[in-house]
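> model this:
(4 chains)
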There are 4 protein chains.
Amino acid sequence: MLDVGIIGASGYTGVELIRILAGHPQVRLCAATSRQYAGKTIAEVFPSLNKRVDIRCENLGVDELIHRADFFFTAVPHKTAMDIVPHLLAAGKKVVDLSADYRIHDQALYEEWYQPHSSPQLLAEAVYGLPELYRDDIRRARLVANPGCYPTSIILALAPLLRAGFIEPATIIADAKSGTSGAGRAANVANLYCEVADSFKAYKVGGTHRHIPEIEQELSLAAQSDVRISFTPHLLPISRGILSTIYASLSEAGKAADLQELYNETYGSEPFVRVLPAGQQPATQHVRGTNCCDIALQHDTRTGRIIITSAIDNIGKGASGQAVQNMNLMNGFAEETALMGAAFFP
Amino acid sequence: MLDVGIIGASGYTGVELIRILAGHPQVRLCAATSRQYAGKTIAEVFPSLNKRVDIRCENLGVDELIHRADFFFTAVPHKTAMDIVPHLLAAGKKVVDLSADYRIHDQALYEEWYQPHSSPQLLAEAVYGLPELYRDDIRRARLVANPGCYPTSIILALAPLLRAGFIEPATIIADAKSGTSGAGRAANVANLYCEVADSFKAYKVGGTHRHIPEIEQELSLAAQSDVRISFTPHLLPISRGILSTIYASLSEAGKAADLQELYNETYGSEPFVRVLPAGQQPATQHVRGTNCCDIALQHDTRTGRIIITSAIDNIGKGASGQAVQNMNLMNGFAEETALMGAAFFP
Amino acid sequence: MLDVGIIGASGYTGVELIRILAGHPQVRLCAATSRQYAGKTIAEVFPSLNKRVDIRCENLGVDELIHRADFFFTAVPHKTAMDIVPHLLAAGKKVVDLSADYRIHDQALYEEWYQPHSSPQLLAEAVYGLPELYRDDIRRARLVANPGCYPTSIILALAPLLRAGFIEPATIIADAKSGTSGAGRAANVANLYCEVADSFKAYKVGGTHRHIPEIEQELSLAAQSDVRISFTPHLLPISRGILSTIYASLSEAGKAADLQELYNETYGSEPFVRVLPAGQQPATQHVRGTNCCDIALQHDTRTGRIIITSAIDNIGKGASGQAVQNMNLMNGFAEETALMGAAFFP
Amino acid sequence: MLDVGIIGASGYTGVELIRILAGHPQVRLCAATSRQYAGKTIAEVFPSLNKRVDIRCENLGVDELIHRADFFFTAVPHKTAMDIVPHLLAAGKKVVDLSADYRIHDQALYEEWYQPHSSPQLLAEAVYGLPELYRDDIRRARLVANPGCYPTSIILALAPLLRAGFIEPATIIADAKSGTSGAGRAANVANLYCEVADSFKAYKVGGTHRHIPEIEQELSLAAQSDVRISFTPHLLPISRGILSTIYASLSEAGKAADLQELYNETYGSEPFVRVLPAGQQPATQHVRGTNCCDIALQHDTRTGRIIITSAIDNIGKGASGQAVQNMNLMNGFAEETALMGAAFFP
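Have a look, this model is predicted:
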């Protein structure tokens, strides 16, 4: 039985971690921190967990936390995370960090897009927590940097093509659409029901979203060359789900290849990546509440481009689901434990 | 291992049965019938089940079905059900029928609201499948009539008050609101996205909805007297969920009683009924995708009325979840097997 | 040309006033106040008004405002309103106040539900701004108290029955459902998209909502006797719209009467009340963005109750639309000016 | 007073035409055809029009129609339109056709994407009804081919750049997202509320959507060279609205130019195109129910691409609003008559 602590339990990724772990037979949830809700039971904060999870939110410092659990999820904002994680590691704990703080290997790049890093010595050690790419490294890791939601949907969609040299890296455009939960649970006017419902818009257009360096890092590793992409996020009037529509020009080799077969081979035995049959398109509804990533390929012969569409739940495979998948790997549990539930429909 | 068949697998209750049973360790799904989708894999019909459920829809007659499974869910419309169920029973099978055909004990009453009954001899035997009221009968039953969605939400909310004589039965008004999945998956203009979204309305106003005789039957049994209610269904722009707001005048005994305590005692040990602390209100979001019924009580001292609000997922506790709960009881499985997942949030 | 000022222009009722007045040929918008957005053009705050309305938000005191316009809408919270309105009147201006401050004639009752009143001397003069009931008084008024959204939907639905003595006043139950814009534009977690979407719940259950004294005042006046009701508001996952489902037991006279005819006569020539033919039900979608109130009657002969359903747009007839209707009356304009647009569909 | 007939009044574009024309002071609606609803008043079919529009749906042949009106909107499917329009013209009527039948100048191209054309002789005469591009031609036209919804949003967004030679035509990618009303009012499972709500997906991926030849025709005319684009439509869980996100590589001239200024100049005096200030992004909510097209430009200096986002209401500027704008031009009315209403918010 693994004793687990969640640091930052009252956000949307925190409550999803709690929900998933409640169905995990090898895990005991021993600490759930929340400054705002300290003293309240989790069911008072999240009535969905009533009669299912019995734990109280606490405002705990690192010194107290390390006596509570052996494994931690840090579900706090970037910058906050990097002030906590080193202490957890120093106390011999393992950590999956859901923030951006350890995702980018290059300190200068991190600091260009975020702010100065207070524990850069860990950047080399931290493993980018995309199991489909780095499964073995994750198994051995103390510290896993859980990928961002947009990056997960885009990297899984493009990695096979880039590794095979089947697309021209300079032509990649990722047009991504996310549900509103991606904006977190902070109270602000822009995320009010009335401002989001029955509407749709782009934001951070023109290469300014902070997920860009993370995406480009991983695409560049897959391509073995520097990749620079156009990335446009949009806000969907749904709570959960990301659909990324990704365009790239096929190389000559790519035009000649059986791309569907490439994806079937790459992901056929993956429990959480589902390559759709030719002609089908993924929908966020079909991955809602799950750790799945659904991917479809379509060759536009008129323009020589490949269009890859990928759907995830931004809180599932895009955050908490993937974090538990990483925890499973880091602790020798079966990778799919607690994560195999299908999405309900409708 | 119980061999199970689902008759009518391609509707919204059918796919939910499949999803729940996929997580049931003592069940093997052996048949899933669908005239419309015969020959297709279930993942072609419901991509959410891709890599999770591997079965093909078939168009099977009863003669074939009885060689496939020992336990059946009939998830077909009323009238269709009563033509199938007797044959299944005759072949020694057990059945949970999700239609209305065996819910009403009084044949004449059934025929007044529906149409002539072709197997009235089974009405006396069929058990009304509300485990919180009829658990022991269900355990012994061959045929369980799974309750309607609205009735589940209303009967669970009112039974304790009626049994205790704490409300005036003639004053009961149930104002209920349901998600659109309650209307089923048939293609018709009234249920198109554009006709339902961003709107709200009542329907079948004035005592005409077919769930009324079923509700009144059970409330009358609880009250030990004839109960006649006003019931108004409404259509919510959500996919899943029923919230019933129920009004009744308190009797003198009711005014003096601790009603919150009554409900805590009645439902405290039930795994699927959650009585909320005073002051909290249930929301459909907190029971979405689950077998839970959340109930709150509020005494309006200005008018002497009690207002009970209850929330269920109309496809969960209101249909397929409750059907599996009944199956568990009928087969000696732990009642909560495959049903304890919490709702994801948000 | 009437010079008009809007005090509190950046809330949801403020922007709707601006939108409606932009189509009013006899009105010139001369001031739009907003502390938060002072200095910004209205199109910066509300891009929907780009190229349609050209005014800048200002932070203006009453002293400045009275030089800007001759007619004012106060679209500010209660308590704030009563500190402004007396000064406007003293300067010879006419006012439609959208807050609750002048709706309740009885100072003690107001103070029981709200807080001490700072200008109680105006309570006797203020006219309750429901034109279908008080048209002539409104024409002569300096100060009109614009009705609340829930009260508008309930009073219009019940007044004819109560005046005729056709229902038992003690049996009235109003189960009302409102879109989220009714909660205003303040940033708080409870109104975030993710907390409201795909959900439904009741709130302020048990006779605690502040619209109750206002509703009861008007129903009592219609009934010529004290009326006390049960009122339960609910939160709908839509932006705009209220549907009230109202129950009452018919008196003997009521059972004998042709109620449909009564409503047709009462409201037949009203431009903004639409009595639906028997059998039809109102939907919020059909009044969205308009000043209409759609009403249907259904006699439940099984229980002797009448069920009245009424739909309005809570920002239209429930606030800003009705405010402009009142302004038209107070200034001798044709009552329907700028208000006759039909709802778009879908 | 212009006598107008709407052929195909009971679809979503038909009802919107009726709604807009109800506010048009120079128009009298004299015929509204609908096979399905013949004999019903328009208010029975669309309760939103109750007390606002008083006309009855009829099933009329062309022979009867030509005696009813002088100007027609054909709001019927392609193929049906081309069998009606020639007769209307032959009778001396003017027509705005909302179908695709007369949008494509090249008969062979039309027939490649649709089916054989039965009145190809009209293709040369028909004017493509985008007033911002072809205002003068429209003024003189007998037959205007009203543009498709996606094409409107994309052509308005790209025309200035292409005419100026500021982008590389071969690099254009249009990722477009449409509300569900674009799929029409036919009953089919894919458009049921439960299948669309809380979901998002692409469809007709890979260069197969029939709007492509229309878009490429107009972009080619603007560029004075053959333009071939990638176009991916998506289905949004909203009723109305299209947002197109369009990518193109800037030419050297384009990189040096002030593109914001170019758009301000091009569209500054247009009543229905609103170029947003740098940094703002359009949202479908702000154009809902209107004839506006909101456009924003963002230069991604990291990749040398320009990203243009444009928002329209697919039934407004994307269909019925633009059709009325064309009617105004064809009849010498002020172009903006009946079309200047701002979107309500929220």
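> Enumerate every residue touching A:G206.
A:232, D:298-301, D:307 (C-beta atoms under 8 Å, 6 or more residues apart in numbering or on different chains). To be clear about C-beta, it is placed using only N, CA and C from the backbone, and glycine gets the same treatment.
> again but with A:G23, I slipped
So A:G23 contacts A:338, A:341, B:340-341 (C-beta under 8 Å, 6+ apart).
> State the phi and psi torsions of it.
phi -100, psi 10 (degrees, to the nearest 10).
> so where do the helices sit in the stretch 101-250 of chain A?
A:107-113, A:131-140, A:149-164, A:193-196, A:212-223 (DSSP state H, counting those that start in this stretch).
> Give me the helices and strands touching the last one, please.
Using 3 or more C-beta pairs under 8 Å, 6 or more residues apart in numbering or on different chains; DSSP states H and E, the elements in contact with helix A:212-223 are helix A:107-113, helix A:149-164.
> Compare these and give me the one nearest B:I20.
Closest to B:I20 of these is helix A:149-164 (C-beta to C-beta; 27.7 Å).
> What residues does the stretch 51-200 of chain A have near chain C?
A:180-181, A:185, A:187-189, A:191-198 (C-beta under 8 Å from any C-beta of the partner chain).
> contacts with chain B among those, please.
Among these, chain B is touched by A:181, A:197-198 when using C-beta under 8 Å from any C-beta.
> What about those residues, which one has the most neighbours?
A:S181 (28 neighbours; other C-beta atoms under 10 Å in any protein chain shown).
> Relative to D:T180, how far out is it?
For A:S181, the distance to D:T180 (C-beta to C-beta, to the nearest Å) stands at 22 Å.
> Can you show me the strands along the stretch 151-300 of chain A?
Remark: strands assigned in the stretch 151-300 of chain A by DSSP state E, counting those that start in this stretch are A:173-178, A:201-202, A:230-235, A:242-249, A:273-275, A:293-300.
> Can the last one be said to contact chain B?
Yes: contact check for strand A:293-300 against chain B, using C-beta under 8 Å from any C-beta: residues in range are A:D294.
> Could you pull up the contacting residues of the nearest residue to A:S249 once chain neighbours are set aside?
With sequence-adjacent residues excluded and distances taken as C-beta to C-beta, 6 or more residues apart in numbering or on different chains, A:S249 is closest to A:T171, at 4.1 Å. A:T171 is in contact with A:247-249, A:305, counting by C-beta under 8 Å, 6+ apart.
> go again using 10 Å as the cut-off
Applying C-beta atoms under 10 Å, 6 or more residues apart in numbering or on different chains to A:T171 gives the contacts A:229-230, A:247-251, A:304-306, D:171, D:173, D:249, D:303.
> Now do it against chain B, distance only.
Taking C-beta to the nearest C-beta, to the nearest Å as the measure, A:T171 falls 29 Å from chain B.
> Against B:Q298, how distant is that residue?
Taken as C-beta to C-beta, the span from A:T171 to B:Q298 is 61 Å.
> residue contacts, A:A256?
Contacts of A:A256 (C-beta under 10 Å, 6+ apart): A:166, A:250.
> Which one, of the helices of the stretch 101-250 of chain A, ends up nearest to D:G241?
The nearest among the helices of the stretch 101-250 of chain A, by C-beta to C-beta, is helix A:193-196 at 13.0 Å.
> avg pLDDT for the closest one?
Computed over helix A:193-196, the mean pLDDT rounds to 98.
> swap in stretch A:306-317?
For stretch A:306-317, the per-residue pLDDT averages 98.
> Any idea how far apart the tips of stretch A:43-63 sit?
Using C-alpha to C-alpha, to the nearest Å, one end of stretch A:43-63 lies 26 Å from the other.
> touching chain D at all, it?
No: no part of stretch A:43-63 sits close enough to chain D to count as contact by C-beta under 10 Å from any C-beta of the partner chain; the gap is at least 16.4 Å.
> Tell me which residues of that stretch come out buried.
Within stretch A:43-63, the residues that count as buried by 16 or more other C-beta atoms under 10 Å in any protein chain shown are A:43, A:45-53, A:55-58, A:60, A:62.
> Stretch A:70-81 now?
A:70-76, A:78, A:81.
> Among those, name the ones in helices.
A:A81 (DSSP state H).
> Looking at the buried residues of stretch A:70-81, spot the one nearest chain C.
A:A75 (16.0 Å; C-beta to the nearest C-beta).
> wait, what's in contact with the nearest residue to that closest one once chain neighbours are set aside?
Using C-beta to C-beta, 6+ apart and skipping residues adjacent in sequence, the residue nearest A:A75 is A:G8, 3.8 Å away. Shown in contact with A:G8 (C-beta under 10 Å, 6+ apart): A:14, A:17, A:32-35, A:73-77, A:80-81, A:84, A:98-99.
> do A:I20 as well
When contacts are taken as C-beta under 10 Å, 6+ apart, A:I20 is in contact with A:27, A:289, A:291, A:315-316, A:320-321, A:323-325, A:327, A:337-339, A:341, B:341-342, B:344.
> Check which helix or strand it maps to.
helix A:12-21 (DSSP states H and E).
> can you check A:L88 too?
Using DSSP H and E, A:L88 falls in helix A:80-90.
> elements contacting the helix or strand just after that helix?
Following helix A:80-90 in sequence order, the next helix or strand is strand A:94-97 (DSSP H and E). For strand A:94-97, the packing partners by 3 or more C-beta pairs under 10 Å, 6 or more residues apart in numbering or on different chains; DSSP states H and E come out as strand A:2-7, strand A:71-74, helix A:80-90, strand A:143-145, helix A:321-330.
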